[in-house]
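Visitor: Predicted coordinates and the sequence they were generated for:
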Amino acid sequence: MILRRRLLATLALLPLAGLRPARAQEGADPLAQYLWVARPVIVFANNDRDPRLIRQISEFERVAADLEERDVVVIVDTEPGPSRYETTDLRRKFRPHDFNVIVVGKDGEVKKRSPVPMTGDSLARLIDRLPIRQQELGRR
């Protein structure tokens, strides 16, 4: 219970973060609300006690201001479900195996999949190299 509270407290610091992804309508894209608005970073783990998840959330907490500046939305999914058919819409869409971090661009395309936690610096560098981010930086 303490860990869940820590995860909730940590995620509350990140923009639009949540422990569970919102359920979309059947067949609808679960990330449609973020298209052209934000960059979803989805962290999949089989439970909320996974040490990789805890390490990843701590890293995101460390660079929360950098993530907010880059319009990152962190979504954590710790509900694998009993089968691939009885699970979250995000798991049906991305089919993660065990722990996975998936970076999605504002265009809705997967930019990176990682089976290990990512550093905040490597995530920021990845985002800064994306064409849409380059355009955003040019406008400022």
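Guide: Thanks, I have the structure now.
Visitor: Now do the residue nearest to Val101 when sequence neighbours are not counted against Gln33, distance only.
Guide: Spatial nearest neighbour of Val101, excluding adjacent residues (C-beta to C-beta, 6 or more residues apart in numbering): Ser114 at 4.4 Å. In this view, the C-beta of every residue, glycine as well, is placed from N, C-alpha and C. From Ser114 over to Gln33 the distance is 24 Å, taken as C-beta to C-beta, to the nearest Å.
Visitor: what's the answer for Asp50, then?
Guide: Counting by C-beta to C-beta, the gap from Asp50 to Gln33 is 26 Å.
Visitor: Run through the strands of the chain in chain order.
Guide: For the chain, the strands defined by DSSP state E occupy 39-44, 72-77, 100-104, 110-114.
Visitor: can I get those strands in JSON lines with mean pLDDT?
Guide: Below are these laid out as JSON lines (pLDDT from 0 to 100):
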{"stretch": "strand 39-44", "mean pLDDT": "98"}
{"stretch": "strand 72-77", "mean pLDDT": "97"}
{"stretch": "strand 100-104", "mean pLDDT": "98"}
{"stretch": "strand 110-114", "mean pLDDT": "98"}
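Visitor: any chance of these in JSON lines, plus distance to Arg84 and mean neighbour count?
Guide: Formatted as JSON lines, those follow (distance: least, C-beta to C-beta, whole Å; neighbours: other C-beta atoms under 10 Å):
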{"stretch": "strand 39-44", "distance to Arg84": "13", "mean neighbour count": "24"}
{"stretch": "strand 72-77", "distance to Arg84": "13", "mean neighbour count": "24"}
{"stretch": "strand 100-104", "distance to Arg84": "14", "mean neighbour count": "21"}
{"stretch": "strand 110-114", "distance to Arg84": "17", "mean neighbour count": "15"}
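Visitor: Can I get those strands in TSV including distance to Leu90?
Guide: Putting the strands of the chain into TSV (distance: least, C-beta to C-beta, whole Å) gives the following:
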stretch	distance to Leu90
strand 39-44	6
strand 72-77	5
strand 100-104	9
strand 110-114	12
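Visitor: what's the closest of these to Ile127?
Guide: Nearest to Ile127, of all those, is strand 39-44, at 6.3 Å by C-beta to C-beta.
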